[in-house]
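In: Would you be able to build a 3D model of this:
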Amino acid sequence: MNKDNFQGYKAEALAILQRFNVHVWDNAEVDTTRGHFSGKVLPRAENTDSKHIVLKLETGYNVGINIDTITDMSSTTVPQPVFQIPEKQFPYTEGLPHVKLLGTGGTIASRLDYRTGAVIPAFSPGELYGAVPELAEICNLDTEKVFAVFSENMGPSQYMALAKQIGKEIENGIEGIVIGHGTDTLHHTGAALTFMCQNLPVPVILVGSQRSSDRPSSDAALNLMHAMTAAGHGDIAEVLVCMFGPTSDEYGLLHKGTRVRKMHSSYRSTFRTIGDTPIARVTRAGVTPIKKEYNQRRKDKNVKIVPVFDDRVAMLYYYPGMKPEMLDSITENGYKGVVWVGTGLGHVNKEMYPAIERAHKAGVHQYMTLQTIWGYVHMFVYDTGRDMMAKGIIPAGNMLPEVAFIKLGWALGQTHDPEEVKKIMLTPINDEITEREPYNGYLVYQGGSPEVEEFIKHVHK
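Out: A predicted model of the protein is given here:
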């Protein structure tokens, strides 16, 4: 038997397939001690065990079957695997806006390489049109793959390259920009581009998907349609994150790049504006502003691109019992900035004080943010806060920890003068620090209480 018919299968699992003469990509019937399963036999990722076979069920979901439970298998049909998304010529429509999609490696309109477990995105206009034909009704689309990395591998060099590319596209007269991005660090990139790309004349929309396109519950296509609508037809010329609003398919939300955070590992509605409301709601019919004030679309090409970043910045999440050597090691290794993520109103233990002083004397810029996520740093309330300010820590208002981390790296990319860095850090560019948080900017309800249970009966999650 050709080993290619058993892609990725090893030892015991391979023996089961050979015993029943079933191959990868066969449509198979599998009897087990736990019931009967029908589906397509998929390859295994190279780093997986040899105790399971994987079927893609008719529902589109994958299931792993322990070989010890298999009592019988049979192959029904042997179709050839499809390794490419069908490609069609993306049509040009007079009157539709011209949008550019910049790819970084997210899972928008993608397929899976089951041999490695990697996601392979559809990216040319033709591939995207083949996967999401509705895009042709929204805009005239060009694409360019800038990177091909997982979002955890995005960093300062990618932020700066994207900022420069955005400036180039605006100079070329583009009417909207969409950036496909993995969701895990999408909010970091949103903050970085907000600081690096100021006074935008067109929307810059970051979009991702929580679930890849081979899953029936994928949010990829709808998120992409919403993002293209916001980029091509929306009037909000800012760096925005576009993802699901509720977990249903009703609408998406547009969040400012400086006030958004990923709040759930798997929900499609994972992104939330923190300490404020989203800036707008978006459907395929258009963009409906929620906030009254925003930077409006213009017809000029004037934009301020500041693609700088000093990556010698760290974020320290305080925990009880933290030892001074945690900060000392950062100082000794030449770091120039630290964003503290403190407890309560912005606190760390007194054992850290000598290290804080040593870091300050060494020229390390230190700023305080909060573990509570919502709320403001208030370091005047208790002796602890006042003591830390005297030792060099500066409160960062209600800036989110990740945003403060990005902004400090961006500030240090421009200057190391303490007063200039402080001025940059504490002067809001796009609501990273706000004067107040509205009452409906903090909504965390707990199931079980009568009023919440009554509310849930009448609304979507």
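In: Determine how far the last residue of stretch 395-415 lies from the first.
Out: From its first residue to its last, stretch 395-415 covers 19 Å (C-alpha to C-alpha, to the nearest Å).
In: What residues sit buried inside that stretch?
Out: For stretch 395-415, burial by neighbour count (16 or more other C-beta atoms under 10 Å) applies to 395-413. All C-beta atoms are positioned from the backbone trio N, CA, C, and that covers glycine.
In: Which ones among these lie within strands?
Out: Among the buried residues of stretch 395-415, DSSP state E puts P395 in strands.
In: hang on, K422 packs against I394?
Out: Yes. Contact status for K422 versus I394: in contact at 6.1 Å, counting by C-beta atoms under 8 Å.
In: ok, those two, which is more surrounded?
Out: It is I394, of K422 and I394, that has more neighbours when counted by other C-beta atoms under 10 Å, with 18 against 14.
In: is the more buried one in a bridge, and if so with what?
Out: Going by DSSP bridges, I394 is paired in beta bridges with Y367.
In: what's the answer for I236, then?
Out: Per DSSP bridges, the residues bridged to I236 are Q296.
In: Surely it touches L254?
Out: Yes. Using C-beta under 8 Å, I236 makes contact with L254 at a distance of 6.7 Å.
In: Who has more neighbours out of those two?
Out: Under the criterion of other C-beta under 10 Å, the comparison of I236 against L254 puts L254 first, with 31 against 24.
In: Now do the strands in the stretch 251-400 of the chain.
Out: Under the criterion DSSP state E, counting those that start in this stretch, strands of the stretch 251-400 of the chain are mapped to 252-256, 260-262, 271-273, 280-283, 286-289, 304-305, 313-317, 337-342, 365-370, 393-395.
In: can you check the stretch 1-150 of the chain too?
Out: Going by DSSP E, counting those that start in this stretch, the stretch 1-150 of the chain shows strands at 27-32, 35-42, 52-57, 62-66, 70-77, 98-103, 110-113, 118-121, 140-145.
In: Turn these into TSV, columns for distance to Y9, mean neighbour count and mean pLDDT.
Out: Formatted as TSV, these follow (distance: least, C-beta to C-beta, whole Å; neighbours: other C-beta atoms under 10 Å; pLDDT from 0 to 100):
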stretch	distance to Y9	mean neighbour count	mean pLDDT
strand 27-32	13	18	94
strand 35-42	9	17	92
strand 52-57	7	19	90
strand 62-66	12	16	91
strand 70-77	13	14	90
strand 98-103	32	22	94
strand 110-113	16	19	55
strand 118-121	18	17	52
strand 140-145	32	17	91
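In: So which of those strands is nearest I290?
Out: Closest approach to I290 among the strands of the stretch 1-150 of the chain is made by strand 98-103 (22.6 Å; C-beta to C-beta).
In: That closest one pairs with which strands?
Out: Paired neighbours of strand 98-103 in the sheet (DSSP bridges): strand 140-145 (parallel), strand 176-180 (parallel).
In: circling back to that earlier point, and the strands of the stretch 1-150 of the chain as CSV, adding distance to D387?
Out: Listed next are those as CSV, based on distance: least, C-beta to C-beta, whole Å:
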stretch, distance to D387
strand 27-32, 64
strand 35-42, 59
strand 52-57, 56
strand 62-66, 55
strand 70-77, 65
strand 98-103, 46
strand 110-113, 51
strand 118-121, 49
strand 140-145, 51
